[in-house]
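Student: Just a sequence and a predicted model for now, questions to come.
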Amino acid sequence: MNSNWFKIIMKLNGVQYGKRLLLKGVPVIYNSKGARLKIGDDVTIRSSFLSNLIGLYSRTIIVTRKRGTVVEIGNHVGVSGTTIGFAI
């Protein structure tokens, strides 16, 4: 799946993202109803073994699972094989 299709899926899930979001590979990004997931400008999310020079063995996962949860990733951030989740 290319990143443009995945960005449409993110929008349908209520994920807000800024300018120049770069997705390498297929991350798991899910926003629960009533939660807020916001990704800033100039963010790179790497979820592919070939996109990371030191190797990568798991996809990036960013999820909110409970109403009222707020996860914000700022501007100029890069993540590789990272899990960010809030389920309490």
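Tutor: That came through fine. Because the structure is a prediction, the values reported are computed rather than measured. Residues are numbered from 1 along each chain as shown.
Student: contacts and neighbour counts: CA atoms only from here.
Tutor: Fine.
Student: Relative to residue 8, how far out is residue 23?
Tutor: 13 Å (C-alpha to C-alpha, to the nearest Å).
Student: Oh, that last question was meant for residue 63, not what I typed.
Tutor: Residue 63 is 17 Å from residue 8, by C-alpha to C-alpha.
Student: which one of those two has more residues nearby?
Tutor: Each of residue 63 and residue 8 has its neighbours counted (other C-alpha atoms under 10 Å); residue 63 has more, 21 against 12.
Student: shouldn't residue 51 be in contact with residue 24?
Tutor: Yes - under the criterion of C-alpha atoms under 8 Å, residue 51 makes contact with residue 24 at 6.4 Å.
Student: The two: which is more packed in?
Tutor: Just comparing residue 51 and residue 24: by other C-alpha under 10 Å the higher neighbour count belongs to residue 24, 19 against 15.
Student: Just give the nearest non-adjacent residue to residue 79, would you?
Tutor: residue 45 (5.1 Å; C-alpha to C-alpha, 6 or more residues apart in numbering).
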